[in-house]
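Colleague: Just the structure for this:
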Amino acid sequence: MKPFLALTCLLLVSTHCLGADTSPQAYETVVALLERGKYEEAELAARELTVARGQAYGDADKRTLEAWIQLVKSLALLKRGDEAEAQLRALLPLMSQAYGAEHRLTLLHQFHLILALSSQYKTAEAVEMSRTLIPVQARVLGAADKDTLQTCKNLAFMLVLQNKAVEAETQLRELLPRMVRTHGEKGAETIRCQTLLAHALRQQGKNAEAEKTYRQWLPLSVREFGTADQETLIARCNYAQTLLEQGKTADTEQECRQLMPACESTLGLAHECTLRTLTFYLRSMAMQHKGAKGEDACRRLIAGSTQAKGPDNVDTLEARKTLGIIFLQQGRLEEAGGEYSKVMPDFLRVFGPEHRETLRCQICIIELLAMQGKKAEAEELCRSLIPISTRVLGPGDTDTLTARKILADLLKGEAKKERQKSGSPG
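Modeller: Next comes the predicted model:
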């Protein structure tokens with residue numbers, strides 16, 4: 001018995017290993033459980049069947065391998081990528097022995113290993129494996145074969161994740177004609193490729209072209225996959241970012257308003273797509289001077305970011321600072337002060353006194369002090385901030401210039417008061 005099956009057997013109750021059902025009906029039961037979405041039950045049944053067949057027929061027997069393949073499938077569906085990877089690494093040499101190294105089924109499970117790696121963010125290794133696999137698939141199966149195309153599309157997706165947008169765009173433009181020939185101009189896989197191309201364009205700052213691509217293909221994506229499809233939701237989130245980066249704030253607000261409920265109900269409040277959508281919504285509102293209306297969204301962003309990233313993450317702290325700004329815009333100065341007094345020590349503790357985000361939080365406190373009529377305190381804090389900002393960020397940095405403008409406004413206000421007191425003409 002191979003070490004893998006011996007180890008697997010230890011995970012099972014011994015009575016399950018001895019005399020377990022190895023029949024085709026047992027295999028059909030595993031398949032049926034997977035089809036019904038009962039993945040945990042399917043995993044246990046597939047694991048038991050794999051061990052039983054391994055004992056009865058040998059590890060490299062095709063009957064054992066077909067059960068083992070279902071075990072891998074159940075682990076992938078349970079999102080247990082590390083276990084799926086381990087099983088595939090043990091399984092693939094036996095598949096090469098039983099079917100041949102270049103058999104379609106063996107090549108397909110090499111692709112499944114790539115998916116298991118990418119699910120664990122082992123993107124570099126997955127990309128290298130893809131580069132090796134694609135030429136073999138193209139030679140053995142054909143360049144327009146659906147398995148070859150799937151591996152090519154997944155490689156482009158991983159290149160986008162690595163911010164290698166230029167290479168991803170090149171890959172997708174070469175891939176799309178083959179996708180159209182195999183799946184049709186408006187086929188599901190073609191639609192996925194087109195929205196992925198839009199992502200690659202957005203990453204390169206080609207926002208106008210990206211927006212045009214999104215507008216053309218997102219409605220088809222919604223129609224084909226539904227409003228709750230994860231890839232479609234992520235594409236819509238990226239579309240909202242494209243609009244925001246072009247200054248189309250009203251369009252961004254509208255898109256985010258439609259998108260936020262779908263993201264929260266389908267993906268959950270702590271999912272990265274949900275958090276990004278909330279962030280883009282708040283930014284679009286602020287740019288339209290409607291930030292005061294974003295309190296509920298900001299509170300949801302804080303809750304989701306705290307859950308997903310932790311209380312000390314920069315995005316969480318930034319969201320808390322934004323809540324203080326919203327209070328400020330609403331005229332709720334006491335609550336703004338309370339929020340700033342809680343978040344400022346966290347900025348100092350996590351990032352230190354000279355980090356950009358810490359300095360930005362200090363600017364917010366200066367604005368609060370000015371609105372509270374504490375002009376002397378605001379001026380003193382501003383004077384201490386400007387030299388640090390000038391040294392750390394540079395004299396021409398936007399945040400340095402903002403601090404200088406605030407100080408100038410404070411001084412103008414004090415000068416005007418002095419003139420009014422002395423009766424001098426303003």
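Colleague: Please, which helix or strand holds Thr190?
Modeller: Element membership for Thr190, per DSSP states H and E: helix 188-203.
Colleague: Does anything pack onto that helix? Which helices or strands?
Modeller: When contacts are defined as 3 or more CB pairs under 8 Å, 6 or more residues apart in numbering; DSSP states H and E, helix 188-203 packs onto helix 146-161, helix 165-183, helix 207-225, helix 230-245. The C-beta positions use only the backbone N, C-alpha and C, and glycine is treated the same way.
Colleague: Can you add mean neighbour count and mean pLDDT and give those back as JSON lines?
Modeller: Putting these into JSON lines (neighbours: other CB atoms under 10 Å; pLDDT from 0 to 100) gives the following:
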{"stretch": "helix 146-161", "mean neighbour count": "21", "mean pLDDT": "97"}
{"stretch": "helix 165-183", "mean neighbour count": "18", "mean pLDDT": "97"}
{"stretch": "helix 207-225", "mean neighbour count": "17", "mean pLDDT": "96"}
{"stretch": "helix 230-245", "mean neighbour count": "22", "mean pLDDT": "96"}
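Colleague: Could you provide these in a markdown table, with additional columns for distance to Leu267?
Modeller: Shown next, in a markdown table, are the helices and strands packed on helix 188-203 (distance: least, CB to CB, whole Å):
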| stretch | distance to Leu267 |
| --- | --- |
| helix 146-161 | 18 |
| helix 165-183 | 23 |
| helix 207-225 | 14 |
| helix 230-245 | 7 |
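Colleague: which one of the ones you listed lies closest to Val72?
Modeller: Nearest to Val72 among the helices and strands packed on helix 188-203 is helix 146-161 (16.4 Å), distances taken as CB to CB.
Colleague: hang on, isn't Ile234 packed against Cys273?
Modeller: Yes: with contact defined as CB atoms under 8 Å, Ile234 reaches Cys273; the gap is 5.1 Å.
Colleague: Give me the most central residue, this structure.
Modeller: Centroid check for the chain by CA atoms, centre = their mean gives Glu272 as the closest residue, at 4.7 Å.
Colleague: Now do the contacts for it.
Modeller: If you count contacts by CB atoms under 8 Å, 6 or more residues apart in numbering, Glu272 has them with Ala308.
Colleague: same thing but 10 Å
Modeller: Residues near Glu272 by CB atoms under 10 Å, 6 or more residues apart in numbering: Ile234, Cys237, Cys263, Gly304, Ser305, Ala308, Lys309, Asp315.
Colleague: of these, buried ones?
Modeller: The neighbour-count test (16 or more other CB atoms under 10 Å) marks Ile234, Cys237, Cys263, Gly304, Ser305, Ala308, Asp315 as buried among the contacts of Glu272.
Colleague: per-residue confidence for the last one?
Modeller: Spelled out, it's Asp315. pLDDT for Asp315: 94.
Colleague: Over to the third one?
Modeller: We note a pLDDT of 97 for Cys263 in this prediction.
Colleague: hang on, it packs against Thr279?
Modeller: No: applying CB atoms under 10 Å as the test, Cys263 and Thr279 come out as separate, 11.7 Å apart.
Colleague: okay, and the common contacts of the two?
Modeller: Shared contacts of Cys263 and Thr279 (CB under 10 Å, 6+ apart): Cys237, Cys256.
Colleague: and the contacts of Glu272, which of them are in helices?
Modeller: Within the contacts of Glu272, residues falling in helices by DSSP state H are Ile234, Cys237, Cys263, Gly304, Ser305, Ala308, Lys309, Asp315.
Colleague: list the helices and strands the host helix or strand of Pro93 packs on?
Modeller: Using DSSP H and E, Pro93 falls within helix 81-99. If contacts are counted by 3 or more CB pairs under 10 Å, 6 or more residues apart in numbering; DSSP states H and E, helix 81-99 sits against helix 3-10, helix 39-57, helix 62-77, helix 104-119.
Colleague: State the number of residues packed around Leu201.
Modeller: Number of residues near Leu201 (other CB atoms under 10 Å) recorded here: 23.
Colleague: Past the helix or strand containing Ala319, which element shows up next along the chain?
Modeller: For Ala319, the element it lies in under DSSP H and E is helix 314-329. Past helix 314-329, further along toward the C-terminus, the next helix or strand under DSSP H and E is helix 333-351.
Colleague: Could you name the helices and strands sitting against the following helix or strand past that next one?
Modeller: Heading C-terminal from helix 333-351, the first helix or strand you meet, by DSSP H and E, is helix 356-371. The helices and strands touching helix 356-371, judged by 3+ CB pairs under 10 Å, 6+ apart, are helix 314-329, helix 333-351, helix 375-392, helix 398-422.
Colleague: avg pLDDT for helix 356-371?
Modeller: pLDDT averaged over helix 356-371 gives 92.
Colleague: And it, what's buried?
Modeller: By 16+ other CB under 10 Å, the buried positions in helix 356-371 come out as 358-370.
Colleague: to the chain's geometric centre, what's the distance from it?
Modeller: When distances are taken as CA atoms, centre = their mean, to the nearest Å, helix 356-371 is centred 30 Å away from the chain's centroid.
Colleague: follow-up on the earlier one: intersection of neighbour lists for Ile234 and Cys273?
Modeller: Common neighbours of Ile234 and Cys273 (CB under 10 Å, 6+ apart) are Cys263, Leu267.
Colleague: hmm, back to that, for the helices and strands packed on helix 81-99, please prepare TSV with the additional fields mean pLDDT.
Modeller: Below are the helices and strands packed on helix 81-99 laid out as TSV (pLDDT from 0 to 100):
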stretch	mean pLDDT
helix 3-10	42
helix 39-57	95
helix 62-77	97
helix 104-119	97
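Colleague: before we move on, back to that, comparing the helices and strands packed on helix 356-371, which stretch has the densest surroundings?
Modeller: Mean neighbour count (mean count of other CB atoms under 10 Å) peaks for helix 314-329 among these, with a mean of 22.
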